[in-house]
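# No letters, just coordinates:
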């Protein structure tokens, strides 16, 4: 990767630094996707199905539009994925008690149990992040969210 440009003050240097940042983000994403594919394959899942499960493990009972936003997919794509997951008895559709017009996607017992049978991702991520303090992790999260939000200024759609 590029060398540190701490003596550089121009906009060109900022672009060079951000270019390196995006290369690192891309590399990390590829490594994570490779890990995720290996783990989900062992559970006969697809990466998008696993992403939906991870969202539901955080907070069970989400609307389709919430899952679409979290997984960076269209609601129609989420509907197709959820259809398959429902056939495989991983999730169910239930009426939303707060809004009769919408449905919630909820985990079944089988969907809940997959979380405990896929610890490699959690263990590997925990090991990768071992050297970070909570403050560093919070700062990194803040900065990555700030970078993500800045894409809205370019006219690109937000996921």
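Arrived safely. Keep in mind that what you see is a predicted model, and the values were worked out from it rather than measured. Residues are numbered from 1 along each chain as shown.

# now residue 29: how far from residue 80?
23 Å (C-beta to C-beta, to the nearest Å). Any C-beta I mention is one placed from the backbone N, CA and C, and that applies to glycine too.

# Equivalent analysis for residue 87, please.
Residue 87 sits 11 Å away from residue 80, going by C-beta to C-beta.

# Test my guess that residue 33 contacts residue 47.
Yes: because the distance of 6.9 Å satisfies C-beta atoms under 8 Å, residue 33 is recorded as touching residue 47.

# Those two - which one has more neighbours?
residue 47 (14 against 11; other C-beta atoms under 10 Å).

# Surely that one is in contact with residue 38?
No: counting by C-beta under 8 Å, residue 47 stays clear of residue 38, with 10.5 Å between them.

# ok, residues contacting the least confident helix or strand in the chain by mean pLDDT?
Every helix and strand in the chain was compared by mean pLDDT, DSSP states H and E; the lowest is helix 119-128, with a mean of 78. Helix 119-128 is touched from outside by 35, 36, 38, 39, with contacts defined as C-beta atoms under 8 Å, 6 or more residues apart in numbering.

# all helices of the chain, in order?
11-42, 47-58, 64-71, 75-87, 109-117, 119-128, 134-150 (DSSP state H).
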